[in-house]
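Undergrad: have a look; sequence and predicted model below, questions after that.
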Amino acid sequence: MTKTTANKDAVASAGDVFSTFIAEQLTAEQARRANIDARGLSVVTTSGTFIGAVFAIGAFVLGKDYKVSQFGLVVIWITLSLFVIASIAAVAASLPLGYGVADTASLSAMAGDHWTDAEDEAKRELATSNIKTITALREANRKKARAIVIALGAQIGAMLALAAGVSVELVVKS
(Lines give C-alpha, C1' and ligand atoms only; values in the text may rest on other atoms or scores of the structure.)
Protein backbone atom coordinates (compact mmCIF):
# COMPACT_ATOMS: atom_id res chain seq x y z
CA MET A 1 0.00 0.00 0.00
CA THR A 2 1.39 3.40 -0.97
CA LYS A 3 1.39 6.48 1.25
CA THR A 4 -1.27 8.10 -0.99
CA THR A 5 -3.56 5.08 -0.63
CA ALA A 6 -3.02 5.05 3.15
CA ASN A 7 -3.88 8.76 3.33
CA LYS A 8 -7.02 8.23 1.24
CA ASP A 9 -8.09 5.38 3.53
CA ALA A 10 -7.42 7.54 6.60
CA VAL A 11 -9.43 10.41 5.12
CA ALA A 12 -12.31 8.11 4.23
CA SER A 13 -12.17 6.58 7.71
CA ALA A 14 -12.05 10.00 9.42
CA GLY A 15 -14.87 11.20 7.17
CA ASP A 16 -16.99 8.22 8.19
CA VAL A 17 -16.33 8.89 11.88
CA PHE A 18 -17.08 12.61 11.54
CA SER A 19 -20.20 12.01 9.45
CA THR A 20 -21.55 9.58 12.02
CA PHE A 21 -20.80 11.93 14.90
CA ILE A 22 -22.40 14.91 13.17
CA ALA A 23 -25.49 12.85 12.29
CA GLU A 24 -25.74 11.76 15.95
CA GLN A 25 -25.49 15.39 17.08
CA LEU A 26 -28.29 16.33 14.70
CA THR A 27 -30.48 13.51 16.02
CA ALA A 28 -29.73 14.57 19.61
CA GLU A 29 -30.70 18.21 18.95
CA GLN A 30 -33.91 17.14 17.22
CA ALA A 31 -34.75 14.96 20.24
CA ARG A 32 -33.94 17.88 22.57
CA ARG A 33 -36.32 20.09 20.58
CA ALA A 34 -39.10 17.50 20.86
CA ASN A 35 -38.45 17.16 24.60
CA ILE A 36 -38.63 20.94 25.14
CA ASP A 37 -41.83 21.17 23.09
CA ALA A 38 -43.38 18.39 25.18
CA ARG A 39 -42.35 20.11 28.42
CA GLY A 40 -43.96 23.32 27.24
CA LEU A 41 -47.25 21.60 26.53
CA SER A 42 -47.01 19.83 29.88
CA VAL A 43 -46.64 23.13 31.75
CA VAL A 44 -49.69 24.56 29.97
CA THR A 45 -51.75 21.47 30.81
CA THR A 46 -50.56 21.38 34.42
CA SER A 47 -51.25 25.08 34.97
CA GLY A 48 -54.76 24.83 33.58
CA THR A 49 -55.55 21.70 35.57
CA PHE A 50 -54.10 23.17 38.74
CA ILE A 51 -56.16 26.36 38.45
CA GLY A 52 -59.39 24.40 37.99
CA ALA A 53 -58.58 22.00 40.82
CA VAL A 54 -57.65 24.80 43.20
CA PHE A 55 -60.89 26.66 42.71
CA ALA A 56 -62.98 23.49 42.99
CA ILE A 57 -61.18 22.33 46.15
CA GLY A 58 -61.22 25.87 47.57
CA ALA A 59 -64.96 26.16 47.12
CA PHE A 60 -65.48 22.74 48.68
CA VAL A 61 -63.19 23.32 51.70
CA LEU A 62 -64.13 26.93 52.41
CA GLY A 63 -67.78 26.64 51.41
CA LYS A 64 -69.74 28.62 48.85
CA ASP A 65 -70.73 31.36 51.31
CA TYR A 66 -67.19 32.04 52.54
CA LYS A 67 -65.96 35.59 51.96
CA VAL A 68 -62.31 35.64 50.97
CA SER A 69 -60.14 38.12 52.89
CA GLN A 70 -58.38 41.03 51.19
CA PHE A 71 -55.12 39.13 51.55
CA GLY A 72 -56.75 36.08 49.95
CA LEU A 73 -57.90 38.12 46.96
CA VAL A 74 -54.39 39.48 46.46
CA VAL A 75 -52.97 35.96 46.65
CA ILE A 76 -55.56 34.69 44.16
CA TRP A 77 -54.64 37.49 41.76
CA ILE A 78 -50.90 36.78 42.16
CA THR A 79 -51.46 33.03 41.72
CA LEU A 80 -53.57 33.44 38.61
CA SER A 81 -51.08 35.93 37.16
CA LEU A 82 -48.19 33.54 37.73
CA PHE A 83 -50.10 30.64 36.17
CA VAL A 84 -50.89 32.84 33.15
CA ILE A 85 -47.20 33.83 32.87
CA ALA A 86 -46.24 30.15 33.13
CA SER A 87 -48.69 29.24 30.37
CA ILE A 88 -47.58 32.07 28.07
CA ALA A 89 -43.91 31.19 28.53
CA ALA A 90 -44.66 27.50 27.95
CA VAL A 91 -46.60 28.26 24.77
CA ALA A 92 -43.69 30.46 23.64
CA ALA A 93 -41.35 27.51 24.24
CA SER A 94 -43.52 25.37 21.98
CA LEU A 95 -43.52 27.81 19.07
CA PRO A 96 -41.86 26.52 15.92
CA LEU A 97 -38.67 28.47 15.34
CA GLY A 98 -36.49 28.55 12.24
CA TYR A 99 -34.16 25.59 12.20
CA GLY A 100 -31.99 26.27 9.16
CA VAL A 101 -32.56 23.05 7.24
CA ALA A 102 -31.05 22.49 3.80
CA ASP A 103 -32.80 24.61 1.21
CA THR A 104 -34.48 23.12 -1.84
CA ALA A 105 -31.79 24.41 -4.21
CA SER A 106 -29.05 22.60 -2.25
CA LEU A 107 -31.06 19.40 -2.20
CA SER A 108 -31.71 19.65 -5.95
CA ALA A 109 -27.99 20.27 -6.59
CA MET A 110 -27.13 17.11 -4.65
CA ALA A 111 -29.45 15.06 -6.85
CA GLY A 112 -28.27 16.88 -9.99
CA ASP A 113 -24.87 18.48 -10.46
CA HIS A 114 -23.21 16.79 -7.48
CA TRP A 115 -24.59 13.29 -7.97
CA THR A 116 -21.31 12.01 -9.38
CA ASP A 117 -19.02 13.85 -6.93
CA ALA A 118 -16.48 11.82 -4.99
CA GLU A 119 -17.80 10.15 -1.85
CA ASP A 120 -15.56 12.24 0.43
CA GLU A 121 -16.84 15.46 -1.15
CA ALA A 122 -20.45 14.31 -0.73
CA LYS A 123 -19.83 13.45 2.95
CA ARG A 124 -18.25 16.84 3.50
CA GLU A 125 -21.17 18.62 1.83
CA LEU A 126 -23.70 16.69 3.92
CA ALA A 127 -21.70 17.32 7.10
CA THR A 128 -21.61 21.04 6.36
CA SER A 129 -25.36 21.09 5.80
CA ASN A 130 -25.99 19.15 9.00
CA ILE A 131 -23.71 21.46 10.99
CA LYS A 132 -25.72 24.47 9.84
CA THR A 133 -28.91 22.73 10.95
CA ILE A 134 -27.37 21.73 14.29
CA THR A 135 -26.23 25.32 14.90
CA ALA A 136 -29.71 26.69 14.19
CA LEU A 137 -31.35 23.97 16.29
CA ARG A 138 -29.09 24.65 19.26
CA GLU A 139 -29.80 28.38 19.18
CA ALA A 140 -33.55 27.81 18.92
CA ASN A 141 -33.43 25.15 21.64
CA ARG A 142 -31.56 27.54 23.96
CA LYS A 143 -34.33 30.10 23.52
CA LYS A 144 -37.01 27.48 24.10
CA ALA A 145 -35.21 26.15 27.20
CA ARG A 146 -35.07 29.68 28.68
CA ALA A 147 -38.82 30.00 28.17
CA ILE A 148 -39.36 26.64 29.93
CA VAL A 149 -37.25 27.79 32.89
CA ILE A 150 -39.39 30.95 33.13
CA ALA A 151 -42.58 28.87 32.85
CA LEU A 152 -41.51 26.44 35.55
CA GLY A 153 -40.36 29.26 37.83
CA ALA A 154 -43.70 31.03 37.45
CA GLN A 155 -45.55 27.78 38.05
CA ILE A 156 -43.58 27.07 41.24
CA GLY A 157 -44.16 30.66 42.37
CA ALA A 158 -47.89 30.26 41.77
CA MET A 159 -48.00 27.06 43.80
CA LEU A 160 -46.09 28.66 46.68
CA ALA A 161 -48.34 31.74 46.64
CA LEU A 162 -51.38 29.52 46.55
CA ALA A 163 -50.15 27.40 49.46
CA ALA A 164 -49.50 30.53 51.52
CA GLY A 165 -52.90 31.99 50.66
CA VAL A 166 -54.82 28.82 51.42
CA SER A 167 -52.97 28.44 54.72
CA VAL A 168 -53.86 31.99 55.75
CA GLU A 169 -57.50 31.59 54.68
CA LEU A 170 -57.83 28.32 56.63
CA VAL A 171 -56.40 30.01 59.74
CA VAL A 172 -58.75 33.00 59.27
CA LYS A 173 -61.72 30.70 58.77
CA SER A 174 -61.07 28.72 61.95
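TA: Cool, the structure landed. Numbering: from 1, shown residues only.
Undergrad: so, low pLDDT: which residues of the chain?
TA: 1-12, 61-62, 173 (pLDDT under 70).
Undergrad: how about the strands in it?
TA: Assigned by DSSP state E, the chain shows no strands.
Undergrad: just checking, Arg138 touches Glu29?
TA: Yes: taking CB atoms under 8 Å as the definition, Arg138 is a contact partner of Glu29 at 6.0 Å. All C-beta atoms are positioned from the backbone trio N, CA, C, and that covers glycine.
Undergrad: which one's more surrounded, those two?
TA: Shown here are Arg138 and Glu29; by other CB atoms under 10 Å, Glu29 has more neighbours (20 against 16).
Undergrad: leaving out chain neighbours, which residue sits closest to the more buried one?
TA: Spatial nearest neighbour of Glu29, chain neighbours left out: Leu137 (4.0 Å); criterion: CB to CB, 6 or more residues apart in numbering.
Undergrad: residues contacting Glu144?
TA: One thing to correct before we go on: residue 144 is Lys, not Glu. 33, 36-37, 40, 93-95, 97 (CB atoms under 8 Å, 6 or more residues apart in numbering).
Undergrad: returning to that earlier point: neighbours around the residue nearest to Glu29, how many?
TA: 22.
Undergrad: ditto for the one 4 residues further on
TA: A count of neighbours around Asn141, defined by other CB under 10 Å, yields 20.
Undergrad: not counting sequence-adjacent ones, nearest residue to the spatially most central residue of the chain?
TA: Centroid-nearest residue in the chain: Ile36, 2.2 Å away (criterion: CA atoms, centre = their mean). Once flanking residues are discounted, Ile36 sits nearest to Lys144: 4.5 Å by CB to CB, 6+ apart.
Undergrad: that older thread, check contacts around the residue nearest to Glu29.
TA: The contact partners of Leu137, by CB under 8 Å, 6+ apart, come to 26, 29-30, 32-33, 99-100.
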